[in-house]
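> give me coordinates for this.
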Amino acid sequence: MQKINKIVLLVGLMGSGKTSVGKRLAKKLKLPFLDGDQEIERAAGLSLVDVLKCFGEEEYRAGEARVMKRLLQGEPSVLASGGGSFVAEQTREIAKNNAITIWLKADIDTLYNRTAGRKHRPFLTESDNLLKNKLEKYIHEEYPYYSEADIIVETKEELVDNTVNRVIDSIFEFIKKENKEL
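Numbering: from 1, shown residues only. Okay, here's the model as predicted:
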């Protein structure tokens with residue numbers, strides 16, 4: 001497989017598969033894997049939920065933007081962004097210059113099935129009966145930003161390796177189409 005000498009940034013809502021796809025994609029591309037959420041926790045010394053509780057959403061987003069800026073100026077890797085980080089204009093601009101961006105686009109049912117009952121997600125603390133409404137709100141607000149990604153790959157209920165293979169195919173199609181240097 002051809003070597004990629006660029007950051008591959010996975011974007012999408014929580015539950016779209018950024019971490020699970022990202023880890024396997026990194027292995028196949030022989031690149032390190034970085035998780036934006038874990039990097040935020042490491043920088044803050046707190047869990048994402050605690051960062052949000054202690055500092056509020058505005059500072060959470062500012063910290064997220066600082067971490068993403070640092071990561072997007074780093075060495076080639078597969079980087080799973082935090083759920084809302086690509087909404088920030090600064091992050092999108094840096095990503096356009098330094099990364100191949102891939103939106104893992106999932107429908108509401110897929111997102112719901114993957115996030116229901118998971119309390120470690122800082123922006124999904126509602127009970128499951130309110131979760132679909134919150135996810136629909138995020139889809140409405142954030143999908144226009146995600147649509148600016150270089151590549152869009154629909155994620156669905158399938159084996160993660162199948163999604164990874166579709167992502168790899170999409171990356172190489174994009175590179176060939178855009179006549180991009182790796």
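> may I see the buried residues of the helix or strand harbouring Ile175?
Per DSSP states H and E, Ile175 falls inside helix 160-178. Of the residues in helix 160-178, those with enough neighbours to count as buried (16 or more other Cβ atoms under 10 Å) are Thr163, Val164, Arg166, Val167, Ile168, Ser170, Ile171, Ile175. Every residue, glycine included, has its C-beta placed from N, CA and C.
> quick check: angle from the lengthiest strand in the chain to helix 160-178?
Secondary structure assigned by DSSP state E gives strand 99-106 as the longest strand of the chain. Here strand 99-106 runs at an angle of 130 degrees relative to helix 160-178 (axes from the mean of the first three to the mean of the last three Cα atoms, to 10 degrees).
> distance from the chain centre to strand 99-106, please.
From the chain centre to the centre of strand 99-106 is a distance of 7 Å (Cα atoms, centre = their mean, to the nearest Å).
> contacting residues around that strand?
Counting contacts by Cβ atoms under 8 Å, 6 or more residues apart in numbering, the residues outside strand 99-106 that touch it are 4, 6-13, 15-18, 21, 72, 79, 86, 95, 114, 143, 146-156, 163, 167, 170-171, 174-175, 180.
> now intersect those residues with the helices, please.
Secondary structure of the contacts of strand 99-106 is defined by DSSP state H; positions in helices are 18, 21, 72, 95, 114, 143, 146, 163, 167, 170-171, 174-175.
> could you find the lowest-pLDDT member of the residues you listed?
For these, the minimum pLDDT belongs to Arg114; the value there is 85.
> contacting residues around the closest residue in space to Val11 that isn't next to it in sequence?
With sequence-adjacent residues excluded and distances taken as Cβ to Cβ, 6 or more residues apart in numbering, Val11 is closest to Phe86, at 4.1 Å. Contact analysis of Phe86 by Cβ under 8 Å, 6+ apart lists Leu9, Val11, Arg92, Ala95, Thr101, Glu142, Tyr145, Tyr146, Ala149.
> is it possible to get CSV of those residues that adds distance to Tyr60 and neighbour count?
As requested, those are exported to CSV (distance: Cβ to Cβ, whole Å; neighbours: other Cβ atoms under 10 Å):
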residue, distance to Tyr60, neighbour count
Leu9, 20, 32
Val11, 17, 31
Arg92, 18, 19
Ala95, 19, 26
Thr101, 22, 24
Glu142, 15, 17
Tyr145, 17, 18
Tyr146, 19, 22
Ala149, 23, 23
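> export stretch 155-174 as PDB, just CAs?
What follows is stretch 155-174, C-alpha atoms only, in PDB (Å, rounded to 0.1, in the frame of the first residue of the first chain):
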ATOM      1  CA  THR A 155     -21.000   4.800   8.100                       C
ATOM      2  CA  LYS A 156     -23.600   2.200   8.800                       C
ATOM      3  CA  GLU A 157     -24.100  -0.900  10.800                       C
ATOM      4  CA  GLU A 158     -21.400  -3.100   9.200                       C
ATOM      5  CA  LEU A 159     -18.100  -4.600  10.200                       C
ATOM      6  CA  VAL A 160     -15.600  -1.900  11.100                       C
ATOM      7  CA  ASP A 161     -13.100  -3.400   8.700                       C
ATOM      8  CA  ASN A 162     -15.500  -2.900   5.800                       C
ATOM      9  CA  THR A 163     -15.800   0.800   6.700                       C
ATOM     10  CA  VAL A 164     -12.100   1.100   7.000                       C
ATOM     11  CA  ASN A 165     -11.600  -0.500   3.500                       C
ATOM     12  CA  ARG A 166     -14.200   2.000   2.100                       C
ATOM     13  CA  VAL A 167     -12.300   4.900   3.700                       C
ATOM     14  CA  ILE A 168      -9.000   3.700   2.300                       C
ATOM     15  CA  ASP A 169     -10.500   3.300  -1.200                       C
ATOM     16  CA  SER A 170     -11.900   6.900  -0.800                       C
ATOM     17  CA  ILE A 171      -8.500   8.300   0.200                       C
ATOM     18  CA  PHE A 172      -6.700   6.900  -2.800                       C
ATOM     19  CA  GLU A 173      -9.600   7.900  -5.100                       C
ATOM     20  CA  PHE A 174      -9.300  11.500  -3.700                       C
END
